[in-house]
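Engineer: With the sequence up front, the predicted model follows.
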Amino acid sequence: MEKIQSEQSKALEAKKINFEANADDITKKIYQEGFDALNETDIIEKAKKVGDIAPNFTLKNAVGKKAVLKDYLKEGPVVLVWYRGGWCPYCNINLHHLQEELPNIEAQGAKLVAISPELPDKSMTTAEKHNLKFEVLSDVNNKVAKEYGVVFKLTDDVAEIYNKKFSLKDYNGNDSNELPLAATYIINTEGKIIYAFLDTDYKKRADPSEITDFLKKM
């Protein structure tokens, strides 16, 4: 039986097709080389996986309030989603569909938390733009993402394009040119990772409806 494509998958695929149709060959070549370079690393193997204990963290949300993972876990499981930044169209598609799925996720007693390396004011802009009702946390310098093993450095050519197009440095407050994978974890109340979506391709994301389905089976 053929699997029905989700609305998020359709939107991500449409964005990918649009890029392929409109981007110049040099940009496509540079992006592909960046993707190939990332695939040559062992980032997926080293990242936190199912069965691992999730590192605790304290971060600030878009309005500067502290958020502590352990505090969230006292109330129920946590769905932890990394996104690259509000500048990333694929991330914005994912955030939009996560917001649509939020009532179903919360109905399972879980809390949805999104993390990016954006500065707090940029996170605020992202949250307001998409009318997000879940926590959006700023992991400046990717400190938490590094503990989860999901950080990589852009190739110089990709970084140059990003900084010319939208100034990645202004979004993240540094010139490290480091980004997180678009990873998704579900962490149970004991602090153990029980679900992990890890992919080097930022155009692929954990589907929000599948997150809900997993929570229902917990």
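Structural biologist: Here it is on my side, so go on.

Engineer: was I right about Lys133 contacting Leu102?
Structural biologist: Yes - taking CB atoms under 8 Å as the definition, Lys133 is a contact partner of Leu102 at 6.0 Å. All C-beta spots, glycine's among them, are computed from the backbone N, C-alpha and C.

Engineer: These two - which one has more neighbours?
Structural biologist: Shown here are Lys133 and Leu102; by other CB atoms under 10 Å, Leu102 has more neighbours (18 against 12).

Engineer: how much space is there between that one and Gln5?
Structural biologist: 21 Å (CB to CB, to the nearest Å).

Engineer: Quick one: residues in contact with the worst-scoring helix or strand of the chain on mean pLDDT.
Structural biologist: Least confident helix or strand, the chain: helix 120-129 with a mean of 90, by mean pLDDT, DSSP states H and E. Helix 120-129 is contacted from outside by 60-64, 85-86, 92, 95, 116, 118, 132, 136-138, 171, using CB atoms under 8 Å, 6 or more residues apart in numbering.

Engineer: same for the very next helix or strand once past it, what does it pack against?
Structural biologist: Downstream of helix 120-129, the first helix or strand assigned by DSSP states H and E is strand 135-138. Under the contact criterion of 3 or more CB pairs under 8 Å, 6 or more residues apart in numbering; DSSP states H and E, strand 135-138 touches strand 58-61, strand 111-116, helix 120-129.

Engineer: which one of those lies closest to Thr155?
Structural biologist: Ranking the helices and strands packed on strand 135-138 by proximity to Thr155 (CB to CB) places strand 111-116 first, at 20.3 Å.

Engineer: Please spell out the segments of this protein that come in under the pLDDT threshold.
Structural biologist: Within the chain, the ranges that satisfy pLDDT under 70 run 1-3.

Engineer: Do a quick rundown of the helices in it.
Structural biologist: 7-22, 25-39, 43-46, 69-73, 89-107, 120-129, 143-147, 156-165, 168-172, 208-217 (DSSP state H).

Engineer: Show me what the fifth one is packed against.
Structural biologist: Contact analysis of helix 89-107 by 3+ CB pairs under 8 Å, 6+ apart lists helix 7-22, strand 78-82, strand 111-116, helix 208-217 as its packing neighbours.

Engineer: Pull up the pairing partners for the third one, direction included.
Structural biologist: Spelled out, that is strand 111-116. Counting by DSSP bridges, the strands paired with strand 111-116 are strand 78-82 (parallel), strand 135-138 (parallel).

Engineer: Include distance to Asp24 and mean neighbour count when you put those into CSV, please.
Structural biologist: Shown next, in CSV, are these (distance: least, CB to CB, whole Å; neighbours: other CB atoms under 10 Å):
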stretch, distance to Asp24, mean neighbour count
strand 78-82, 29, 25
strand 135-138, 33, 24
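
Engineer: Save these as a markdown table, and put in distance to Lys165 too.
Structural biologist: Below are these laid out as a markdown table (distance: least, CB to CB, whole Å):
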| stretch | distance to Lys165 |
| --- | --- |
| strand 78-82 | 21 |
| strand 135-138 | 22 |
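
Engineer: Sweet, I'm off.
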